[in-house]
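Peer 1: using only what follows, build the 3D model:
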Amino acid sequence: MKRYLTLVLLLALCLTACTPEAPAETAPPPEAGSVRPETPAPVWGEQVFQRDYAGEESSADAPEGVVVSLRFVMPCIENAGENPVWQRLNESFAAQGEEWLQKGREYWSTPGLEPGGDYSVESVYTIQRCDRFLSVRYQRTEALAGEPAVTVSGSLFDLSTGKALTLDSLLRVPAEKGMDALLDALDSLEDGPYGRAYFESYWDVNAFYLTEDHLVLLFPVYADGATSPTATLERPIPLVRLRGLLSSAFLELCPADPAPQPSAPAAEPRALTPEEISRVNGALASTTEEGTRATPVSGFFTSYYDDVRELDFAAFLEYYPDDGTLSAGDEAESDALKTLPGYSWDIISPGSGPTHRITRASVDAALERYAGITAAELADTSGVPYLEEYDAWYTFTSDFGPGTFACTGGEVDEAAGTALLWTEPREDGGRAELALQRDGESWHIRSHRIVNNS
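Peer 2: Here you go, the predicted model:
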């Protein structure tokens with residue numbers, strides 16, 4: 001099938017077909033010719049934690065005679081034997097079950113409980129992934145007053161060490177900082193009550209689980225008037241879309257090269273189609289749809305460079321969308337700016353106009369998304385005021401002039417994994433050219449130059 005250049009420029013990740021690691025051994029290596037038996041796969045069983053709580057055991061205001069039955073089914077590695085890592089995992093699952101039992105008293109605060117009612121809270125588990133990673137999905141059913149609430153949670157462990165893994169430990173940047181990139185990578189963001197704003201409001205860096213092919217983000221749903229979740233939205237992200245966001249420790253677990261494509265690449269570079277050019281211009285738009293705010297990608301077009309790492313950082317940030325402007329409540333931050341050496345505050349003063357705060361997190365997110373790098377890899381960032389204690393740069397732009405790149409043509413070399421885009425010629429005969437390089441499923445900017453073709 002004919003492949004088209006897709007310039008969504010999303011971060012991508014390859015976390016499939018990883019080989020599980022056996023727990024570390026202290027015994028000497030086997031002698032030549034001997035064979036060391038492979039570590040067996042875990043055999044999964046259950047450990048059950050259950051109890052009936054009566055209302056008088058709670059400080060909550062509940063009628064006498066109310067009973068709530070709790071039953072939590074947790075994983076158990078039946079063949080843990082003398083394996084200390086697997087033993088610790090079993091202990092961790094047991095501790096979680098006991099903790100949930102202890103929290104059982106909280107259910108008496110549920111309005112509408114009556115003596116003699118059939119009330120229960122139960123959970124079951126499924127193993128979503130078991131190789132180097134152990135990922136568990138828990139489904140909890142709360143059958144209390146009203147309709148049952150069915151919610152989902154997850155946990156992730158390194159099966160070779162027993163260490164619990166958070167979303168932060170998987171990603172190159174803290175998950176809160178990578179939220180935009182993760183939401184961008186979702187298959188779709190519905191309109192209505194479950195649009196992007198909803199997901200941003202209920203973002204939780206610990207609410208996820210991992211399958212063989214997907215990172216599944218979890219978002220709570222509240223029925224009208226409910227104070228606790230009544231359901232869970234499970235939103236999967238294909239792992240192949242997140243390679244650029246994965247930490248280097250986990251990249252080493254996967255093949256560096258993308259999977260072979262079913263059809264051979266074209267032997268010669270081909271021209272972009274009109275449809276592809278339209279999609280390119282949509283992806284590289286310099287302003288938002290409203291036209292009132294610059295986009296992060298516009299910064300790549302404010303200077304010319306043979307290597308994206310050598311872009312003009314001051315020009316890159318000049319019209320970059322800020323993370324807020326300093327106000328009257330930011331005196332300490334403003335005073336810290338005034339003490340920076342090497343800047344003429346008599347000429348450009350934080351008090352003379354808007355002071356835009358641009359965090360390293362947002363800059364790194366844009367650089368990773370569009371160029372596959374971070375600010376630490378840029379040749380020079382010294383031309384912009386920076387405060388380490390706030391991990392942010394500051395600009396004082398009061399006009400509006402983001403960089404632009406209006407693509408009118410281009411070609412893609414499927415075999416080489418490169419693309420070259422260009423604009424209409426200027427009056428002097430030169431034109432701007434943007435070179436891209438394929439990185440997995442993404443295309444990253446490599447250079448932005450003026451080329452004289454006359």
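Peer 1: mean confidence score for stretch 373-381?
Peer 2: Averaged across stretch 373-381, the pLDDT comes to 93.
Peer 1: no wait, stretch 325-333
Peer 2: The average of the pLDDT scores along stretch 325-333 is 88.
Peer 1: and the end-to-end length of it?
Peer 2: End-to-end distance of stretch 325-333 (CA to CA, to the nearest Å): 11 Å.
Peer 1: contacts for it, please.
Peer 2: Residues external to stretch 325-333 that are found in contact with it (CB atoms under 8 Å, 6 or more residues apart in numbering): 334, 350, 354-357, 387, 390, 394. The way it works is simple: take the backbone N, C-alpha and C, and place the C-beta from them, glycine included.
Peer 1: just the buried ones from the residues you listed?
Peer 2: 334, 350, 355-357, 390, 394 (16 or more other CB atoms under 10 Å).
Peer 1: of these, the lowest pLDDT goes to which?
Peer 2: Lowest in pLDDT among the buried ones among the contacts of stretch 325-333 is residue 350, which has 49.
Peer 1: ok, residue 306 - contacts?
Peer 2: Contact analysis of residue 306 by CB under 8 Å, 6+ apart lists 447, 449.
Peer 1: roughly how far apart are it and residue 436?
Peer 2: 14 Å (CB to CB, to the nearest Å).
Peer 1: and residue 402, by the same measure?
Peer 2: Per CB to CB, residue 402 is found 20 Å from residue 436.
Peer 1: then residue 107?
Peer 2: Residue 107 sits at a distance of 56 Å from residue 436 (criterion: CB to CB).
Peer 1: what about the contacts of stretch 325-333, which are in helices?
Peer 2: Among those, DSSP state H puts residue 334 in helices.
Peer 1: out of the contacts of stretch 325-333, list just those in strands.
Peer 2: Counting by DSSP state E, the part of the contacts of stretch 325-333 found in strands is 356-357, 387, 394.
Peer 1: quick check: domain ranges of the protein?
Peer 2: Under the assignment named as automatic domain parsing, the residue ranges that make up the domains of the chain are 44-251, 285-395.
Peer 1: give me the below-cutoff pLDDT ranges for this structure.
Peer 2: 1-39, 55-63, 108-109, 187-193, 248-267, 342-352, 453-454 (pLDDT under 70).
Peer 1: for it, longest helix please?
Peer 2: When the chain is parsed with DSSP H, its longest helix is helix 84-102.
Peer 1: neighbours of residue 219, just the number please.
Peer 2: Residue 219 has 20 neighbours, counted by other CB atoms under 10 Å.
Peer 1: so what's it bridging to?
Peer 2: Counting by DSSP bridges, residue 219 is bridged to residue 233.
Peer 1: so which residue is dead centre in this structure?
Peer 2: Residue closest to the average C-alpha location in the chain (CA atoms, centre = their mean): residue 182, at 3.7 Å.
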